[in-house]
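Quick one, what's the 3D model for this:
(one chain, ligands or ions: 1)
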Amino acid sequence: MTVLVTGATGRHGGTGAHLVRRLREEGRDVRVLARTRGERTESLEALGAEVVIGDLQDRRGIVPALRGVTQAYFTYPIDAGVIGAAANFAAAVRESGVSPRTVVMSMGPAHPGHPSDRGRDQWLAEEVLQWAGLDLLVLRVAAAFHENVPALHGRSVRDEGVIRNCFGDGPVAWISGRDAAELAVAALLHPGRFDGPVCHPPGVEELSHHDIAAVLAERLGRPVRFEPVSAEQWHRELVALSEVDDVVNADMAGHITSVADRVARHGSTTAADPVALERLIGRAPLTFRDFARTLGTQCPLSAATTWS
Ligand SMILES: NC(=O)c1ccc[n+]([C@@H]2O[C@H](COP(=O)([O-])OP(=O)(O)OC[C@H]3O[C@@H](n4cnc5c(N)ncnc54)[C@H](OP(=O)(O)O)[C@@H]3O)[C@@H](O)[C@H]2O)c1
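Purely as a prediction, here's the structure:
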């Protein structure tokens with residue numbers, strides 16, 4: 001009864017690490033597939049997880065990681081390569097002769113008609129997993145992670161007291177990375193709560209970036225404002241950020257500006273629903289205000305990667 005967890009060394013939403021911790025608390029045997037060893041794999045081993053080295057872009061390392069696996073968590077960063085990763089994972093499952101129930105961390109923009117390349121790729125990756133006959137539960141989380149705020153805006157908040165993006169003045173649906181991971185915990189341990197194989201769990205609340213700036217200002221004890229800018233300007237800023245940052249990448253810049261531009265024009269596609277989210281995860285979801293309490297008060301903002 002081993003659960004294979006991919007993406008547990010993440011620095012963005014960090015869903016995999018939280019999932020490992022929760023599964024260990026539930027007494028499950030956990031095997032982590034990681035690309036390299038380091039502090040992050042050491043802390044996963046300290047939780048009692050087995051770490052195997054492999055790459056989702058190379059089927060040869062995935063096959064041995066699947067030995068004896070009955071359940072799996074598949075996640076991939078917002079970056080190019082998810083289709084190849086899914087194809088390699090699916091081929092490895094078929095080759096190894098196991099048939100793990102696989103929970104896929106996905107996003108609302110996973111749709112064949114979405115303007116974001118990454119959204120369309122995520123959808124196609126999930127098609128590949130389905131064509132391969134995997135036993136799937138896909139979580140197309142229909143909300144932005146709280147962790148996007150420090151990742152995308154931490155430096156400008158520090159340097160200029162400003163959040164700049166092209167989401168416009170309207171509300172955005174939000175969820176914490178912890179609760180996205182809790183959705184995966186529930187999908188593995190309580191699949192009956194989901195009407196899968198593809199479901200669209202909602203966010204906890206809807207807040208504009210003016211609201212987000214106000215919460216940060218209160219937390220940091222200094223002014224923070226929101227300034228709407230064009231998609232082109234925000235894209236340029238994120239590409240520049242990707243050159244000096246280890247979380248943001250150029251593909252993510254394209255994805256997030258497409259998503260934000262669409263939200264600014266049409267609004268969020270799925271309304272936040274804290275009651276439905278709580279029913280799915282079996283605990284009270286975190287609000288952005290809760291998340292902000294976990295951020296250091298000293299800039300640059302840094303997101304907690306482990307949750308209590
Ligand atoms: N951000 C949002 O607002 C949002 C909202 C809804 C849904 N989502 C979904 O959340 C998912 C991302 O989850 P997350 O934030 O927990 O991820 P994350 O923190 O970005 O972590 C990504 C993980 O994938 C690993 N990885 C990257 N390339 C790999 C490869 N070739 N082989 C094996 N592992 C590889 C990374 O390992 P290294 O440490 O080696 O790099 C890291 O552990 C995406 O599918 C996205 O659609 C995000």
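
Look up the closest residue to Arg31, ignoring the ones flanking it.
Nearest residue to Arg31, sequence neighbours excluded (CB to CB, 6 or more residues apart in numbering): Glu50, at 4.6 Å. Every residue, glycine included, has its C-beta placed from N, CA and C.

For Pro64, see how far away the one you found is.
Distance of Glu50 to Pro64, given as CB to CB, to the nearest Å: 12 Å.

what comes into contact with stretch 205-224?
Stretch 205-224 is touched from outside by 149, 157, 161-163, 165, 167, 169-174, 225-226, 228, 268, 271-272, 274, 287-289, 292-293, 295, 297, 299, 301, with contacts defined as CB atoms under 8 Å, 6 or more residues apart in numbering.

In helices only, show me those residues.
149, 157, 274, 288-289, 292-293 (DSSP state H).

got a winner among those for most neighbours?
Tallying neighbours with other CB atoms under 10 Å puts Val149 at the head of these, with 24 neighbours.

Quick one: residues contacting that one.
By CB under 8 Å, 6+ apart, the contact set of Val149 is 163, 212, 216, 288, 301.

next one: Ala186
Contacts of Ala186 (CB under 8 Å, 6+ apart): 193-194, 280-282.

try 6 Å this time
Contacts for Ala186 (CB atoms under 6 Å, 6 or more residues apart in numbering) come out as 193, 280-281.

Mind checking what secondary structure His111 has?
Here His111 is coil, with the state taken from DSSP: H, G, I helix; E, B strand; the rest coil.

got it, and the one 4 residues further on?
Three-state secondary structure (criterion: three-state DSSP) places Pro115 in coil.

Next, count neighbours for it.
Around Pro115 there are 15 other residues, counting by other CB under 10 Å.

Not counting residues beside it along the chain, what's closest to it?
In space, Pro115 is closest to Ser258, 4.6 Å off (CB to CB, 6+ apart).

Please apply the same query to His146.
Excluding the flanking residues, the one nearest His146 by CB to CB, 6+ apart is Phe291, at 4.0 Å.

Sweet, I'm off.
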